[in-house]
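In: Here is my input, please return the structure:
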Amino acid sequence: MPGLSKSTVMTLYILLSIITEFKIVIFILLLFYGYKLLMRFIAPKVVEKAADKLFEDMKNREASKDRRTVRKGDVTIDYSDKKPKQYNRSDGDYIEFEEINDKK
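Out: As a prediction, the model looks like this:
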């Protein structure tokens, strides 16, 4: 370069490299905070949509279970909410017993 000394060229080169590194750091920070901001608004909607889809799938599965046809000879097990059996004192036999003390 005519008219510029080596020290001026070196100084310009150092300034350009610092500015380039600064641009890269700014770009990375913008990407990071842009991603954070985007996820703050988009992620809840994605999760809500996934939950709704899961709920609909469960509802459809329950509905298809009710519509299922049972062929003759098939074994089906229906679980029901049974209460534990409660016994009355009058149920069964009363057995009287005695304690035996073994003294050796």
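In: Secondary structure element for the residue most central in space within the chain, which one?
Out: If you average the C-alpha coordinates of the chain and look for the closest C-alpha using C-alpha atoms, centre = their mean, you land on residue 47, 9.2 Å from that point. Element membership of residue 47 [criterion: DSSP states H and E] is helix 6-67.
In: any idea how far residue 20 lies from residue 64?
Out: The span separating residue 20 from residue 64 equals 62 Å under the rule C-beta to C-beta, to the nearest Å. C-beta coordinates here come from the backbone N, C-alpha and C atoms, glycine included.
In: so how far is residue 63 from residue 99?
Out: According to C-beta to C-beta, residue 99 and residue 63 sit 61 Å apart.
In: now residue 100
Out: Summarising the geometry, the distance separating residue 100 from residue 63, computed by C-beta to C-beta, is 64 Å.
In: How about residue 50?
Out: Residue 50 sits 20 Å away from residue 63, going by C-beta to C-beta.
In: what does residue 102 give?
Out: 66 Å.
In: Neighbour count: those two, which is higher?
Out: For residue 102 versus residue 63, the count of surrounding residues by other C-beta atoms under 10 Å is larger for residue 63: 9 against 4.
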